[in-house]
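Novice: starting from these lines, generate the structure:
(2 chains)
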Amino acid sequence: MKMENQNKEKKTVVRFAPSPTGFLHLGGVRTALFNYLFARQNKGKFILRIEDTDKERSKKEYEEDIVSGLKWLGFDSDEFYRQSERENIYKKYLKKLLDDGKAYVSKESETAETGRRTEVIRFKNPNKKISFSDMIRGEIVFDTTELKDFVIAKSLEEPLYHLAVVVDDFEMGITHIIRGEDHISNTPRQILIQEAIGAPKPYYAHIPLILDKDRAKLSKRKHGETVSLSYYIKRGYLPQAFLNFLALLGWNPGTPQEIFKLDELIRQFNIKKIQKGGAVFNEEKLKWMNKEHLKLLPPEKIASEIYTIVKTFYDTDAEYVRKLSPMILDRISSFGDISAIIEAGELDFFFKKPDYEKNSLKWKGDSDIRTTKTHLEYALSLIDKIADNQFSVDNIKNVLFGYAEQKGKGSVLWPVRFALSGREKSPDPFTIMAALGKRETLERVKIALQKIK
RNA sequence: GGCCCUAUCGUCUAUCGGCUAGGACGGAGCCUUCUCAAGGCUCAAAGCAGGGUUCGAUUCCCUGUAGGGUCACCA
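Specialist: Numbers count the residues shown, from 1 in each chain, chains lettered A, B, ... in the order given. Next comes the predicted model:
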């Protein structure tokens, strides 16, 4: 109750604060997502802050990867900052801390290691018990004594993480800190600094980690590129599906609904219902979810996406691929699968005449290929009677199905389908015929008949 | 190891103390079907253990166990 009253007065401000020392990864995406949903649902601000105080490890290409990843996801930030451009601000606070005697310049014993300073700025630890209420986990208590006088800056110009974070969160008016569970143990240090600079305590929400199959935190070291968002972008997943999947990894609406559009997530998201335990990332479910979102797309959009991929393999035109697209859609769970099925040869016969052994034409239930020949000849005559402009799946089926039922469906349809596709597994013959058109269909059946002689 | 967090089907999860423990993914089977894909139906599959509290615990408390996170002049 108290929380809600305070929120009425203060506009919600959250931030996603990645460090550009690696590509945007799954955990980061989900942290960004929860921050974004929370900001939008509270009509608040979503700030993107690049935490690049570590000059050695921060790289521009990583920052670009993060920014473009967020753009792909559709997370527009209201403000953008780079910590490397705010050193004068940290310096001001550092000086104040020094002047107030809350921090001090510490002479370090000489270590032969390179890069170690002889002087750093340490925070004077008041050695007290710190407690904070986490929106997801409830009360968490720490004794900060064990933290000792921790280092907050290498020098006045070189602040370290804890100092920069606290100063920025204060300066930017962050009301809610939503971040990964791995930051829980950082929280007491940061609260100590907050108290020292007179900053208010924001609300904290530590979200559970995304785990691998072994229930360990996803790491680049162990899993390579599969932890990067770009990997999933490359595999052809839809941003809306990816978001939906990540949102449900650790959160659920309490209803059976699983497929959400972004605006529904914004409306229904409830930070208090976030799970406490870590969740294992399961790509199988992502695939299923992507397919569900695929089916939600307008047919024209699907057709054009499929066309852009198919045309890199075959010399074809958009209109033809459009006819094929419902059939292709049935066989993929992401646009990335299209190349895979093409490479497996599953679509070849739509673009060139098939090559096969004549014996393959014979239905397994028939003993004599002359039966096959008879059926093909009759089918040919039936197909030939259909007018060019009537060559649709339904019409073809109507014309052919009676004969097939009379003579045995397998006995008739298998040879026809094989003559068209040259494959044991393929879409049904009517669909193939309608796609190929009458002329090509007739040609292929005639070729089959020539093979049999 | 210290500190902190967590604990329901293989996985994601529902359950405001009453449960024949529900749903989804994946799996199996069946239906549809010339084959494949898609689709439909059905089934298998879980409360970490031991103590409390309670008429009653998956739900609340304690202990143990297990898993995870974190212990930088990284973030």
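
Novice: I'd say A:Lys407 and A:His375 touch.
Specialist: Yes. Contact between A:Lys407 and A:His375 holds when scored by CB atoms under 8 Å: they sit 6.3 Å apart. Using the backbone N, CA and C atoms, a C-beta is placed for each residue, glycine as well.

Novice: who's more crowded, those two?
Specialist: For A:Lys407 versus A:His375, the count of surrounding residues by other CB atoms under 10 Å is larger for A:His375: 23 against 16.

Novice: in this structure that one contacts A:Pro415, no?
Specialist: Yes. At 5.8 Å, A:His375 and A:Pro415 qualify as touching, with contact defined as CB under 8 Å.

Novice: distance check, A:Gly44 against RNA strand B.
Specialist: According to CB to the nearest atom of the strand, to the nearest Å, A:Gly44 and RNA strand B sit 22 Å apart.

Novice: sorry, slip of the keys, the one I care about is A:Lys71.
Specialist: As judged by CB to the nearest atom of the strand, A:Lys71 and RNA strand B stand 21 Å apart.

Novice: one more: A:Phe391?
Specialist: Relative to RNA strand B, and taking CB to the nearest atom of the strand, A:Phe391 is found at 16 Å.

Novice: for RNA strand B, what are the nearby residues on the stretch 351-453 of chain A?
Specialist: Within reach of RNA strand B by CB under 7 Å from any atom of the strand, the stretch 351-453 of chain A has these residues: A:363, A:404, A:409-410, A:413-414, A:417, A:424-430.

Novice: if you set the cut-off to 10 Å instead, what comes out?
Specialist: Counting by CB under 10 Å from any atom of the strand, the stretch 351-453 of chain A comes close to RNA strand B at A:363-365, A:397, A:400-401, A:404-405, A:408-418, A:420-421, A:423-433.

Novice: in space, what's closest to A:Asp100 - neighbours in sequence excluded?
Specialist: Leaving out its chain neighbours, the residue that sits closest to A:Asp100 by CB to CB, 6 or more residues apart in numbering is A:Ala196, at 7.5 Å.

Novice: do A:Lys272 as well
Specialist: A:Met135 (6.3 Å).

Novice: I'd assumed A:Tyr203 was in contact with the one you found.
Specialist: Yes. Under the criterion of CB under 8 Å, A:Met135 lies in contact with A:Tyr203, with a separation of 5.9 Å.

Novice: where do the contact lists of those two overlap?
Specialist: Counting by CB atoms under 8 Å, 6 or more residues apart in numbering, the contacts common to A:Met135 and A:Tyr203 are A:His176.

Novice: what is the neighbour count of the residue nearest to A:Leu248 when sequence neighbours are not counted?
Specialist: Take A:Leu248 and drop its neighbours on the chain: the residue closest to it by CB to CB, 6+ apart is A:Glu258, 6.5 Å away. A:Glu258: 14 surrounding residues under other CB under 10 Å.

Novice: phi and psi next, for A:Glu258.
Specialist: phi -120, psi -30 (degrees, to the nearest 10).

Novice: can you tell me which of the residues of the stretch 351-453 of chain A next to RNA strand B are buried?
Specialist: Buried residues within those, counting neighbours by 16 or more other CB atoms under 10 Å: A:363, A:397, A:400, A:404, A:411-418, A:420-421, A:423, A:426-427, A:429-433.

Novice: just the ones of those in helices?
Specialist: Cross-referencing these against helices under DSSP state H gives A:397, A:400, A:404, A:411-418, A:420-421, A:429-433.

Novice: low pLDDT regions in chain A?
Specialist: Regions of chain A meeting the criterion pLDDT under 70 cover residues A:1-9, A:110-115.

Novice: show me the strands in it, by range?
Specialist: Counting by DSSP state E, residue ranges of the strands within chain A are A:13-16, A:45-50, A:79-82, A:103-107, A:119-123, A:129-134, A:138-143, A:151-155, A:158-159, A:176-180, A:203-207, A:210-211, A:279-280.

Novice: can you list the strands that the fifth one pairs with?
Specialist: For strand A:119-123, sheet partners with direction are given as strand A:103-107 (antiparallel), strand A:151-155 (antiparallel), following DSSP bridges.

Novice: which residue would you name as the spatial centre of chain A?
Specialist: With distances taken as CA atoms, centre = their mean, the residue of chain A nearest its centroid is A:Phe242 (3.4 Å).

Novice: so that one sits right up against A:Glu283, yeah?
Specialist: No. Contact criterion CB under 8 Å: A:Phe242 and A:Glu283 do not qualify, at 11.0 Å.

Novice: what sits against A:Met86?
Specialist: One thing to correct before we go on: residue A:86 is Arg, not Met. By CB under 8 Å, 6+ apart, the residues touching A:Arg86 are A:Ala164, A:Asp168.

Novice: for it, give me phi and psi.
Specialist: phi -120, psi 20.

Novice: which residues does A:Asp143 bridge with?
Specialist: For A:Asp143, the beta-bridge partners under DSSP bridges are A:Lys129.

Novice: just checking, it touches A:Pro126?
Specialist: No. Here A:Asp143 lies out of contact with A:Pro126, judged by CB under 8 Å, at a distance of 11.7 Å.

Novice: what do the two both touch?
Specialist: By CB under 8 Å, 6+ apart, no residue touches both A:Asp143 and A:Pro126.

Novice: helices along the stretch 301-450 of chain A, start to end?
Specialist: Ranges of helices in the stretch 301-450 of chain A, per DSSP state H, counting those that start in this stretch, are A:318-330, A:336-343, A:369-385, A:393-407, A:409-421, A:429-436, A:438-452.

Novice: for A:Leu229, find the nearest of these.
Specialist: helix A:336-343 (14.2 Å; CB to CB).

Novice: any part of that closest one near RNA strand B?
Specialist: Yes. Contact check for helix A:336-343 against RNA strand B, using CB under 10 Å from any atom of the strand: residues in range are A:Ile341.

Novice: quick one, what contacts A:Pro429?
Specialist: Taking CB under 8 Å, 6+ apart as the definition of contact, the neighbours of A:Pro429 are A:Leu400, A:Leu413, A:Val416, A:Arg417, A:Leu420.

Novice: try it again at 6 Å.
Specialist: A:Leu413, A:Val416, A:Arg417, A:Leu420 (CB atoms under 6 Å, 6 or more residues apart in numbering).

Novice: just A:Gln240 next, same as before
Specialist: A:His293.

Novice: what of the one 4 residues further on?
Specialist: Under the criterion of CB under 6 Å, 6+ apart, the contact list for A:Asn244 reads A:Phe260, A:Met289.

Novice: wait, doesn't A:Thr441 sit right on A:Ala435?
Specialist: No. Look at A:Thr441 against A:Ala435 with CB atoms under 6 Å: they stay out of range, at 9.3 Å.
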